[in-house]
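Engineer: Predicted model, plus sequence, below.
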Amino acid sequence: MEQRNSNLLPRSARGFTSHSYWDTFFTKRKEGFEWYGAYQELAPLLHKYISSKDKLLIVGCGNSELSRDLYHAGLKNQLNVDISTTVINQMKIAYPHLEFRQDDVTNLHCVNEEFSCVLDKGTFDALAPPLDESSEAVSFDLEKITRLQHQALKMLGEVNRVLKPAGRFVCISLLQPHVAELLIGFFNQLGWLVRVCRCHTAENSRNSAFTFPVYVCIFTKVKLPGGNSLIEFFGSEDVNDKGVRLDSVDKLIERLKDVMSSAYTERALKTIGKAAATGISINICDIDGQCKYVFHIADEIKLIKNPMEKQLAVFIVPQGRETEYLFGTHEGRCNLAIQAGYTRIVVVHLLRDRLYPSMDEVQEEVKSNLSLVIPVEIAAKGIQCPILTMEGDLGIREIVYRGKSEFSGDFVVEDVELGINRLQRRLIFLNSPNVIQSEVNLKQVKIGRSRGKGKKREMRKDPDSTVMTCDHHGIMSLSIGILKYFFKVDEEKPWDVLLIGLGGGLIVSFLHHFFPFIRITAVEVDKEIIEIAQKYFGLPDCGDAGRLRVIVDDGLKYVKMTEEIYNILLIDVDNKSVTEGLSCPPPEFLTNETLGLMKSRLKPEGLFVLNFVCRNRKLEMEYTNLLSSHFPFIYQYKLAKDVNTIFLCFLRKPPGNSKQFLNSLCKTVRYVRDVQLVQSFQNLGTKHEADGKLKSKPKEKKMEAQAQKREETEDNIKTLEEDIDIENMCRKFKILKV
């Protein structure tokens with residue numbers, strides 16, 4: 001509604017039922033006021049259901065020009081009524097050839113079955129009580145409903161009374177849920193034919209800030225065979241729209257809510273800044289209604305004053321890279337907008353299981369759908385929107401396995417190419433398709449013998465567990481160094497580590513590979529996922545000298561039942577229900593009872609390590625305080641590009657002061673890093689063949705190749721040491737409790 005009319009609105013819904021309110025309204029506003037659209041926008045639908053032969057009653061006519069326009073269109077047999085004497089007198093003077101009468105729509109002075117058609121534009125919406133003033137459930141029993149519902153339903157009762165059999169009640173409404181429940185419910189229980197048509201032309205003519213869809217509802221006074229009711233919904237005025245039949249009022253209200261949500265989104269996308277707080281995502285479907293692209297829209301407020309030419313850009317993400325921070329999170333997409341220099345960035349995701357022949361075709365399809373996200377000002381000026389890509393790369397994604405888990409639902413194992421000679425394998429649960437559950441680098445291994453001169457040997461993709469691909473696993477693995485440098489735990493004796501939540505098993509494979517003094521017990525509730533970890537992610541053989549056990553069980557149940565005591569207890573379990581914003585771990589892992597149980601399973605110098613993911617700030621503070629109440633010393637590390645927080649909880653406070661803690665932490669990081677580098681250095685010069693044997697080369701060539709690889713590795717080590725400021729990294733560890 002226009003801003004200049006906001007002071008004319010009543011203070012509550014009850015005001016709309018007041019005779020004096022409407023007299024005041026029309027005294028202050030004498031010019032015509034068109035609720036929900038003017039005649040020219042509504043005419044195509046109105047003339048479909050109202051003819052010149054009808055005897056027409058227009059209720060709540062106000063000072064709208066609709067009566068005049070219908071008269072000029074041939075509908076001369078009409079009576080216009082309104083509760084306001086003021087407006088009726090105004091309209092009699094303005095249109096003396098039309099019939100106007102002061103009357104109350106809840107108590108009409110008309111004879112039974114007098115009219116073949118009744119028309120309402122906004123009157124019922126004004127009478128229907130909003131949700132905060134209505135009863136908990138709609139009732140059509142006049143003795144049980146609220147007064148405002150009584151007024152609204154009395155209007156519908158009067159419409160029923162004055163309509164002839166087979167007559168039509170045409171009601172123009174916004175059909176907000178509380179209105180639809182009363183309006184549709186009333187005529188549905190009478191067994192009338194109900195038809196609801198959305199009127200896009202009326203919506204598009206109004207101020208863009210007004211977000212509600214407009215509907216023309218047609219209720220036909222007929223008794224269907226068998227007392228059944230029929231509800232039809234049409235999403236547009238298009239003559240080719242065949243509509244859908246719905247079997248209940250609830251189904252229609254669900255459809256109306258979906259349309260309202262979409263309409264709000266469409267309006268929001270027309271204004272730069274509306275996608276700043278949380279972003280907006282929309283699915284783009286093909287002609288068969290199958291989703292082909294997802295547009296993620298992010299507005300960066302820092303660039304809101306950009307010139308018009310720098311207000312909007314599109315970025316097409318290569319397949320397999322949509323899970324990366326820059327493309328897979330709203331914060332990352334805002335950073336991408338800053339890097340690109342555009343206020344609004346539309347990040348386009350390509351979907352798995354869809355074929356995309358070429359970047360050119362993708363760009364053309366994306367362009368054809370950009371009208372949905374182009375702000376009004378940019379569209380008006382005809383400014384072209386640039387489409388950005390990563391060197392025109394569509395990316396490569398190969399699904400190597402598809403399965404269904406009892407606990408996690410449908411999932412895929414897929415190989416993605418992230419650059420030249422860089423392959424990764426990922427486990428994705430399809431209920432969260434943009435979240436990587438597990439990932440591992442792949443290395444290309446030649447197999448078999450050469451097939452002849454100039455012919456390439458076959459290649460196999462093997463998981464490489466020597467490289468930690470997940471940052472949160474890297475921080476969790478520091479627990480090994482913490483025991484070594486904070487508590488001087490002897491490496492000559494075996495250390496026992498318990499992991500709850502295996503996933504792809506990458507942290508298990510990493511620790512098993514680099515730290516031979518560790519005995520690992522991994523507990524995973526999902527047998528299917530264990531098999532996937534072994535077959536596709538390189539989980540080591542569990543029979544390796546007792547160094548690794550994998551147990552199929554509920555993690556909490558196992559901790560309660562076991563009598564074993566551990567040096568380190570790692571928790572890396574996702575929460576299947578994220579309604580409260582807690583993604584990891586499930587809330588039952590974060591109770592006083594559970595934390596007390598975890599502590600009882602640790603040795604005196606033990607460490608409890610938790611991967612924590614929470615998007616609810618209040619909840620995060622509550623759980624952080626809970627952890628602090630159980631452990632005397634906690635390191636907290638927030639990952640910069642993820643929402644993960646790692647808690648390293650000490651069962652007892654380590655000796656020393658803050659400076660000594662920082663020194664020990666630096667040693668910890670160097671130790672875990674150097675173990676990897678040293679082993680990589682020692683493994684130079686050998687390649688495993690398919691049969692597990694070493695490949696032999698002539699002595700001179702072998703020494704030359706080894707020397708070259710050592711030089712490359714030494715350069716890499718030097719570069720790594722120069723790039724990583726270990727002390728600065730360690731200062732990011734926050735001590736929660738000393």
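Structural biologist: Happy to help now that I have it.
Engineer: most centrally placed residue in this protein?
Structural biologist: residue 281 (7.1 Å; C-alpha atoms, centre = their mean).
Engineer: Can you give me the separation between it and residue 298?
Structural biologist: As for residue 281, its distance to residue 298 is 10 Å (criterion: C-beta to C-beta, to the nearest Å). Using the backbone N, CA and C atoms, a C-beta is placed for each residue, glycine as well.
Engineer: list the contacts for the residue nearest to the centre of the chain?
Structural biologist: 294, 295, 296, 297 (C-beta atoms under 8 Å, 6 or more residues apart in numbering).
Engineer: and the closest residue to residue 269 other than its chain neighbours, backbone torsions?
Structural biologist: In space, and not counting its chain neighbours, residue 269 is closest to residue 373: 5.0 Å by C-beta to C-beta, 6 or more residues apart in numbering. With angles defined as degrees, to the nearest 10, residue 373 sits at phi -120, psi 0.
Engineer: what about residue 373, distance to residue 359?
Structural biologist: Separation of residue 373 from residue 359 (C-beta to C-beta): 20 Å.
Engineer: Out of those two, name the residue with the larger neighbour count.
Structural biologist: With neighbours defined as other C-beta atoms under 10 Å, residue 373 and residue 359 compare such that residue 373 has more, 20 against 16.
Engineer: wait, doesn't that one sit right on residue 268?
Structural biologist: No - Residue 373 is not in contact with residue 268 according to C-beta atoms under 8 Å; the separation is 10.1 Å.
Engineer: Report the residue spans of the stretch 151-300 of the chain with pLDDT below the cut-off.
Structural biologist: Low-confidence segments of the stretch 151-300 of the chain, defined by pLDDT under 70: 205-211, 226-228.
Engineer: Would you map the helices across it?
Structural biologist: 177-190, 200-204, 249-269 (DSSP state H, counting those that start in this stretch).
Engineer: now for the second one, which elements pack on it?
Structural biologist: I take that to be helix 200-204. Applying 3 or more C-beta pairs under 8 Å, 6 or more residues apart in numbering; DSSP states H and E, one finds that helix 200-204 contacts helix 39-49.
Engineer: so where's the stretch 301-450 of the chain shaky on pLDDT?
Structural biologist: 391-392, 420, 448-450.
Engineer: Could I get the full set of strands for it?
Structural biologist: Secondary structure of the stretch 301-450 of the chain (DSSP state E, counting those that start in this stretch): strands at 312-316, 344-350, 387-388, 396-405, 409-419, 422-429, 436-447.
Engineer: ranking those strands by burial, who's on top?
Structural biologist: Counting by mean count of other C-beta atoms under 10 Å, strand 344-350 has the highest mean neighbour count of these, with a mean of 25.
Engineer: Adjacent strands (with direction) for that strand?
Structural biologist: Applying DSSP bridges to the sheet, strand 344-350 is found paired with strand 291-299 (antiparallel), strand 312-316 (parallel).
Engineer: got the ones you listed as TSV, with distance to residue 539 columns?
Structural biologist: Shown next, in TSV, are the strands paired with strand 344-350 (distance: least, C-beta to C-beta, whole Å):
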stretch	distance to residue 539
strand 291-299	32
strand 312-316	35
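Engineer: nearest to residue 330, of the ones you listed?
Structural biologist: Closest approach to residue 330 among those (C-beta to C-beta): strand 291-299, 5.8 Å.
Engineer: Other residues contacting the closest one?
Structural biologist: 269, 272-276, 279-286, 327, 330, 333-334, 336-337, 343-351, 354, 365-366, 369, 372-373.
Engineer: tilt between that strand and helix 249-269?
Structural biologist: 50 degrees (axes from the mean of the first three to the mean of the last three C-alpha atoms, to 10 degrees).
Engineer: Can you list the buried residues in strand 291-299?
Structural biologist: Judged by neighbour count using 16 or more other C-beta atoms under 10 Å, the buried positions of strand 291-299 are 292, 293, 294, 295, 296, 297, 298, 299.
Engineer: how about these in a markdown table, adding distance to residue 378?
Structural biologist: Putting these into a markdown table (distance: C-beta to C-beta, whole Å) gives the following:
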| residue | distance to residue 378 |
| --- | --- |
| 292 | 24 |
| 293 | 20 |
| 294 | 22 |
| 295 | 16 |
| 296 | 19 |
| 297 | 13 |
| 298 | 16 |
| 299 | 13 |
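Engineer: what's around residue 279, how many residues?
Structural biologist: As a burial measure, residue 279 scores 18 neighbours (other C-beta under 10 Å).
Engineer: list the contacts for it?
Structural biologist: 296, 297, 298, 299, 330, 333.
Engineer: which one among the residues you listed gets closest to residue 604?
Structural biologist: residue 330 (44.0 Å).
Engineer: Against residue 388, how distant is that closest one?
Structural biologist: 18 Å.
Engineer: Please apply the same query to residue 364.
Structural biologist: For residue 364 relative to residue 388 (C-beta to C-beta), the value is 15 Å.
Engineer: Could you do residue 101 as well?
Structural biologist: Relative to residue 388, and taking C-beta to C-beta, residue 101 is found at 64 Å.
Engineer: Same check on residue 550?
Structural biologist: Look at residue 550 and residue 388: by C-beta to C-beta, they are 45 Å apart.
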